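>>> fold the stuff below for me.
(one chain, ligands or ions: 1)
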Amino acid sequence: MEFTNTWFQGVCPAWEQLLPIYKPAKILEIGSFEGQATCWLMQFCSRWHPLEIHCVDTWEGGVEHHAGGAYEVDMVAVEQRFRRNVEEAARSLSHGVELRLHKTISADALVNLLHQGYSDYFDLIYVDGSHLAADVLQDAVLGFRLLRRGGLLIFDDYLWIGDPNAPVDPYAIPKVAIDAFINLYRPRLRLLQASNLQVYVLKN
Ligand SMILES: C[S@@+](CC[C@H](N)C(=O)[O-])C[C@H]1O[C@@H](n2cnc3c(N)ncnc32)[C@H](O)[C@@H]1O
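Predicted coordinates for the structure are as follows:
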């Protein structure tokens with residue numbers, strides 16, 4: 001498999017501890033990029049049972065990936081790597097993985113899933129798409145409806161601030177949205193743990 005970054009490696013130890021407790025089978029990933037988390041989930045979780053993994057991504061990048069952004073990247077090549085990587089990861093798994101791709105903006109994909117009857121369906125939802133606060137909030141609120149009771153919601157990039165050389169734009173970071181969501185949904189969730197990288201929440 002071919003990955004051009006190490007974002008995921010920092011969170012692996014936490015996932016290796018948590019996921020054996022919850023053994024998710026139905027997984028929704030918002031923001032898949034080159035498929036690093038997707039491939040890891042395919043290989044780690046398929047030891048227990050067959051998996052259904054839904055990947056939502058425009059494969060157009062977030063604002064930080066666009067021309068002139070802090071992390072400008074060729075998203076056509078990223079999508080091609082995603083497709084090659086998941087194909088490679090699918091070889092030699094203990095159980096089958098049904099991979100469903102939703103190539104569109106997350107709000108549309110999540111609303112479509114709700115319309116198709118996927119309310120309270122997923123065991124694990126990983127929010128790692130747009131970093132704009134309004135988008136993260138939208139992904140959290142819609143994702144929460146798609147998550148079953150007892151399901152695990154993971155937010156990535158809790159303290160991500162974008163370009164470290166530019167002033168922090170509070171509308172363009174996940175933290176304000178994650179905090180707002182957790183505060184408003186507090187009676188309906190349990191905060192499991194949080195680090196500077198990720199926040200882990202269970203739906204009551
Ligand atoms: C940080 S990357 C995801 C990293 C990935 N989870 C991994 O393991 O490497 C964010 C991804 O979200 C996608 N994205 C950004 N905004 C989006 C939106 N509004 N809807 C869907 N995907 C979006 C981008 O195209 C990009 O591939």
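>>> report the buried residues of the strand ranked longest in the chain.
Scanning the chain for the strand with the most residues, using DSSP state E, yields strand 147-156. Using 16 or more other C-beta atoms under 10 Å as the test for burial, strand 147-156 gives 147-148, 151-156. Placement of C-beta: from N, CA and C, glycine included.
>>> neighbouring contacts of that strand?
Applying C-beta atoms under 8 Å, 6 or more residues apart in numbering, the set of residues contacting strand 147-156 from outside is 11, 18, 22, 24, 31, 120-128, 136, 140, 143-144, 174, 178, 189, 192, 197-204.
>>> tell me who's in contact with I161.
Contacts for I161 (C-beta under 8 Å, 6+ apart) come out as 168, 173.
>>> please enumerate the strands of this protein.
The residue ranges that make up the strands of the chain, judged by DSSP E, are 26-30, 51-56, 97-102, 122-127, 147-156, 189-194, 198-203.
>>> got CSV for those, with mean pLDDT too?
Shown next, in CSV, are the strands of the chain (pLDDT from 0 to 100):
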stretch, mean pLDDT
strand 26-30, 99
strand 51-56, 98
strand 97-102, 98
strand 122-127, 98
strand 147-156, 98
strand 189-194, 97
strand 198-203, 98
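>>> get me the contact residues on the protein for the ligand.
Contact residues, the chain versus the ligand (C-beta under 6 Å from any ligand atom): 7-8, 31-34, 36-37, 56-62, 105-106, 128-130, 135.
>>> from the ligand, how far out is the spatially closest residue to D123 that is not a sequence neighbour?
The spatial neighbour of D123 that comes closest, neighbours along the chain excluded (C-beta to C-beta, 6 or more residues apart in numbering), is P24 at 3.7 Å. Relative to the ligand, P24 is positioned 15 Å away (C-beta to the nearest ligand atom, to the nearest Å).
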